[in-house]
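1. what's the 3D shape of this:
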Amino acid sequence: MKKLRQLSIVDTALALYLSELFGTSPELWLNRQMQWEIWHCLHGTEVKKLEMIQPIVASSNFKPEFVG
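-> Have a look, this model is predicted:
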């Protein structure tokens, strides 16, 4: 097992291992990993790239078609 003090990415296999070890769900560990990655993107060098994105604005006559 990887040392938990080292910086490591929680992948699906590790999330399953940790969920068995601590009696939690794999989703808990994967969600924490996702939150960690998003926080670092928003507070690191990626934020400059995000600020350059121009949002796509749909025209007022845009009507999405739903297939059902």
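2. any idea which residue sits dead centre in the chain?
-> Nearest to the centroid of the C-alpha atoms of the chain, with distances taken as Cα atoms, centre = their mean, sits Met34, at 3.0 Å.
3. pLDDT score assigned to that one?
-> You'll see Met34 listed with a pLDDT of 94.
4. And the helix or strand hosting it, what does it pack against?
-> Using DSSP states H and E, Met34 maps to helix 26-43. On a contact count with 3 or more Cβ pairs under 8 Å, 6 or more residues apart in numbering; DSSP states H and E, helix 26-43 meets helix 12-22, helix 46-51. Every C-beta, even on glycine, is put in place using the N, C-alpha and C of the backbone.
5. By mean pLDDT, which helix or strand of the chain comes out lowest?
-> Every helix and strand in the chain was compared by mean pLDDT, DSSP states H and E; the lowest is helix 46-51, with a mean of 86.
6. Quick check: buried residues in it?
-> Buried positions in helix 46-51, judged by neighbour count with 16 or more other Cβ atoms under 10 Å: none.
7. chain center to that helix: distance?
-> 16 Å (Cα atoms, centre = their mean, to the nearest Å).
8. pull the CA atoms of that helix into CSV?
-> What follows is helix 46-51, C-alpha atoms only, in CSV (Å, rounded to 0.1, in the frame of the first residue of the first chain):
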residue,chain,number,x,y,z
GLU,A,46,-4.8,26.7,-14.0
VAL,A,47,-6.9,29.6,-12.9
LYS,A,48,-5.3,31.9,-15.5
LYS,A,49,-6.4,29.5,-18.2
LEU,A,50,-9.9,29.4,-16.8
GLU,A,51,-10.1,33.2,-16.7
